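1. Quick one, structure for this:
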Amino acid sequence: MKRLVSIAAALVAMICLSGQGQTADLKIVFLDSQRILTDSIAGKEAYSQLEKLKNEKQKEIDKIQQTLKSLGEDISVKGPMMKEAAKIDLQTRYDNELKNYNRTIKDAQDELRRRELALVKPISDEVNKIIDDYGKQNSIDMILDKRDPGMIYTSGRLDITDTILKLYDAKHQPKAKGKK
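-> Numbers count the residues shown, from 1 in each chain. Below you'll find the model as predicted:
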């Protein structure tokens, strides 16, 4: 949210500081990067692979969860009637299975993240190159992302970094010796 507000403020300041002739030429467009990823041919294939992996991992997790449920029921129902050594053994099996369950969930999440990065990053990199080329070819000044309010392309014409840097440096230059 803060990022959106700062971008909006920068746009308003830029428009206000620019001359009227320049603002008429300003060309700002937006796109939906998430839709590009999910609706593109490569994106659909990547997300299909991710969904398949997710379903495989979920089956593993469900199996362990069923074992945990069964052990938990045994502890509740049979526990009071069991000998102390058998109760301890059953509780130990339950604890070990719970650790296995938590480890399996974490490993599955980590693998899904790694796989998503490996599948989606190349698509995203290629799309960014296409966006840059499109912006240059169509004389677009700024391209915003509908999902992430950050700028994903800007023309050099809008960059006031050097001007602000010079103004800042001029204000903070060391005072000449002898002047008070």
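2. Okay, buried residues for stretch 139-152 please.
-> Across stretch 139-152, burial judged by 16 or more other CB atoms under 10 Å covers 140, 141, 142, 143, 144, 145, 152. To be clear about C-beta, it is placed using only N, CA and C from the backbone, and glycine gets the same treatment.
3. and the last one, which of the three is it?
-> The three-state assignment at residue 152 reads strand, by DSSP: H, G, I helix; E, B strand; the rest coil.
4. gap between it and residue 141?
-> Using CB to CB, to the nearest Å, residue 152 is found at 13 Å from residue 141.
5. Stretch 62-70: which residues count as buried?
-> 64, 67.
6. contacting residues around it?
-> With CB atoms under 8 Å, 6 or more residues apart in numbering as the test, stretch 62-70 has contacts from 94, 97, 98, 100, 101, 104.
7. The same query, at a cut-off of 10 Å, please.
-> Here stretch 62-70 makes contact (CB atoms under 10 Å, 6 or more residues apart in numbering) with 58, 93, 94, 97, 98, 100, 101, 102, 103, 104, 105.
8. what about the longest helix in the chain?
-> Of all segments of type helix in the chain, defined using DSSP state H, the longest is helix 84-137.
9. Next secondary structure after that helix?
-> Using DSSP states H and E, the helix or strand that follows helix 84-137 in sequence is strand 142-145.
10. I'd like the average pLDDT over that following strand.
-> For strand 142-145, mean pLDDT is 83.
11. What of stretch 124-134?
-> 88.
12. in this structure, which segments are predicted with low confidence?
-> 1-24, 157, 159-161, 172, 175-180 (pLDDT under 70).
13. In space, what's closest to the most centrally placed residue in it - neighbours in sequence excluded?
-> Centroid check for the chain by CA atoms, centre = their mean gives residue 148 as the closest residue, at 9.4 Å. Of all residues not flanking residue 148 in the chain, residue 33 sits nearest, at 6.9 Å (CB to CB, 6 or more residues apart in numbering).
14. I'd say residue 27 and residue 142 touch.
-> Yes - judged on CB atoms under 10 Å, residue 27 makes contact with residue 142 at a distance of 7.7 Å.
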